[in-house]
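Q: This is the structure alone, sequence omitted:
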DNA sequence: CTGTTAGCGCTTTCAC
DNA sequence: GTGAAAGCGCTAACAG
């Protein structure tokens, strides 16, 4: 492996001069600059980022921790983050917590020892608090994505889940539904809490009663347990519509309903939070509250880099994106 | 930041002893081991991977370069790679070439200077050759994913595209189709060539004529230009079925057909290579040749790590996965 | 404009 | 069992 010393010797200059040429720092005569460049070329020199990181105490590497790499919301977000990172000159280390605190912890340990310059962090939930505290203790800047974590004050990019949920429910009420079930993510996540609040507010504003029996809490990873649904459907007064708190939940619900011979929207309406990426383009079916996932990633990255480079001021910044209600064919008037 | 010297001083030992405790190397008395561990704990020591990488000349970091992070084939592959990397104790640096040679080059430069230990490389096409040569020159091990590159002998994980295509076309012929169009990826990619060969072979084996006018070459990124389709559909003897060489192409075709008022499979049948991830689960619609994308990633990672650790022998290894034909509702008998 | 020195945090080698 | 010295490749600080 060729080092700056090899090229220094070959060009009859000191290593320092070579370093200066590489980094365009300080004054160098045009002659030596050219000579050094030529030798670098000839020897096929590639700077050793590791050595540079060690002395500079910064790696120019950032971490992106997402909760599920197969969920189109997160992959779109990841693409936004990746594009922005590249544009800003940073490399991206990738992590996938799978909505699991244990994996998230592993990943945080990795972040700590890898000495990344900052982290784009989509937390698993409120209990991510201790992981974030570790980052704080080490002085590693981070930006929260999608979910807020009580106790943490940091830059954050999130969606307006309460308002999005309210509008989605409002749409169902407009269609004539009065019995609307909510299948929610874990209440350990801020988004689940906001979506719940939006749900309740929508009912209240339209003078509809709230029925606790219509609310089920599961996890965002999806729905495997059909008991959750059958409990709902065997109620004396069953729901005519379901609000799934995210796309994966909606997917699970559709599969279970299909399994028991019910179809959407003929038998029951279904709406959910988050769009399905290109699945929606192929077959525009599900009525959703879509979030600008790409912007979550790219804006988050921008906030993070500003913070790292000291251009972010002292106060945490909050970016809240509205959700876009896309009415498609999975929601229809109730059937008796 | 606390270093091994800090903990050495605190524990009244040398830095070397601390290092040995950390790495469980050499003989250490149980007493000092415990003492050192305790101090490490108290001071919240985290090893500095950068320094370690510099002296060890290896980063324990691997690169994964994929062609499109929003394509479910690649995201599933990425998940497989990520899971395997984690299991094997490696970190994953992420890159997205977007099927663009320029971006791929940027990424290769990044790989070179970052000193990753190896690369999982899904090449853009045959012209990736020069990028791979750069890796070879630097002695960076890599495993090719999905596409082979003429001139490169390396470990590779790929699908049996020829056979998959043949079976897909065979299925259409079974349904009664005789005029089948192929909308293919760039012939700069090995998969496009194999799919073309499979297409031709299927026709030949069933004694159907080959018509060059039915074959169109575009790119795997998708289909925006509807001229490609209208050319096909205004033929004197238009196709009754289309074989799209990947999922994104199929998506584009569906959208364009919808735009001109044609539906699948009522007006025309459609099959494609690669499944759609969870879109297929939600709405099992497209007949596909599905590849085990997760295994592409996880097996590729395994081959790579074996190669890095010198457990791979000298000969390049080739893994070829069969494709799984999943017949769904997008293919039906032709209509007159 | 260019060079020398020291050091980033760690591990390898060789002593003791 | 443990430690001292040297060095991985680079750059900041200072000197000239």
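A: Good, I have the coordinates. Worth saying up front: this structure is predicted, and the values here are computed from it rather than measured.

Q: pretty sure residue A:119 is in a helix, no?
A: No. Residue state for residue A:119 (DSSP: H, G, I helix; E, B strand; the rest coil) corresponds to strand; a helix is not indicated.

Q: so how far is residue A:294 from it?
A: Separation of residue A:119 from residue A:294 (Cβ to Cβ, to the nearest Å): 19 Å. Quick note: C-beta positions are derived from backbone N, CA and C, even for glycine.

Q: of the two, who's got more company?
A: Relative neighbour count places residue A:119 above the other of residue A:119 and residue A:294, with 24 against 17, counting by other Cβ atoms under 10 Å in any protein chain shown.

Q: ok, what's across the strand from the more buried one?
A: Beta-bridge partners recorded for residue A:119 (DSSP bridges): residue A:63, residue A:142.

Q: what sits against it?
A: The neighbours of residue A:119, taking Cβ atoms under 8 Å, 6 or more residues apart in numbering or on different chains as the test, are A:62, A:63, A:64, A:65, A:111, A:135, A:140, A:141, A:142, A:143, A:304.

Q: What about these, which one has the most neighbours?
A: Of all the contacts of residue A:119, the most densely surrounded is residue A:304 (31 neighbours; neighbours counted as other Cβ under 10 Å).

Q: Pretty sure that one sits against residue A:140.
A: No. Taking Cβ atoms under 8 Å as the definition, residue A:304 is not a contact partner of residue A:140, at 10.6 Å.

Q: list the residues that contact both of these two?
A: Residues touching both residue A:304 and residue A:140 (Cβ under 8 Å, 6+ apart) are A:118, A:119.

Q: Show me chain A divided up by domain.
A: Per the record, chain A has its domains at A:4-47, A:57-159+A:292-321, A:161-291, by automatic domain parsing.

Q: how about those in a markdown table, adding mean pLDDT?
A: As requested, the domains of chain A are exported to a markdown table (pLDDT from 0 to 100):
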| stretch | mean pLDDT |
| --- | --- |
| domain A:4-47 | 95 |
| domain A:57-159+A:292-321 | 95 |
| domain A:161-291 | 95 |
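
Q: Of all those, which one is nearest DNA strand C?
A: Closest to DNA strand C of the domains of chain A is domain A:4-47 (Cβ to the nearest atom of the strand; 3.5 Å).

Q: Next to DNA strand D, which bits of chain A? Give me the list.
A: Taking Cβ under 7 Å from any atom of the strand as the measure of proximity, chain A contacts DNA strand D at A:1, A:3-5, A:15-16, A:19, A:22-23, A:25, A:47-48, A:51-52, A:54-56.

Q: Which stretches in chain A count as helices?
A: A:4-11, A:15-23, A:30-43, A:49-56, A:72-88, A:101-114, A:129-138, A:161-175, A:190-205, A:227-233, A:247-259, A:278-282, A:293-308 (DSSP state H).

Q: And the third one, how far out from the chain middle?
A: Using Cα atoms, centre = their mean, to the nearest Å, the distance from the centre of helix A:30-43 to the centre of the chain it belongs to is 44 Å.

Q: what's the answer for the longest one, then?
A: The chain centroid and the centroid of helix A:72-88 are separated by 9 Å, computed with Cα atoms, centre = their mean.

Q: for it, packing partners?
A: Using 3 or more Cβ pairs under 8 Å, 6 or more residues apart in numbering or on different chains; DSSP states H and E, the elements in contact with helix A:72-88 are strand A:61-66, strand A:91-96, helix A:293-308, strand B:91-96.

Q: residue contacts, residue A:140?
A: Residue A:140 makes contacts with A:111, A:112, A:116, A:117, A:118, A:119, as judged by Cβ under 8 Å, 6+ apart.

Q: Dump those residues to a markdown table, plus distance to residue A:216.
A: As requested, these are arranged in a markdown table below (distance: Cβ to Cβ, whole Å):
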| residue | distance to residue A:216 |
| --- | --- |
| A:111 | 35 |
| A:112 | 37 |
| A:116 | 38 |
| A:117 | 42 |
| A:118 | 37 |
| A:119 | 33 |
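
Q: Count the residues that sit near the residue in the stretch 51-200 of chain A that DNA strand C sits nearest to.
A: With distances taken as Cβ to the nearest atom of the strand, the stretch 51-200 of chain A approaches DNA strand C most closely at residue A:55, which sits 3.4 Å away. Neighbourhood size, residue A:55 [other Cβ under 10 Å]: 9.

Q: what's the neighbour count on residue A:221?
A: 18.

Q: go on, the one 10 residues further on?
A: For residue A:231, the neighbour count with other Cβ under 10 Å is 14.

Q: Surely it and residue A:215 touch.
A: No. If you go by Cβ under 8 Å, residue A:231 and residue A:215 don't touch, sitting 11.1 Å apart.
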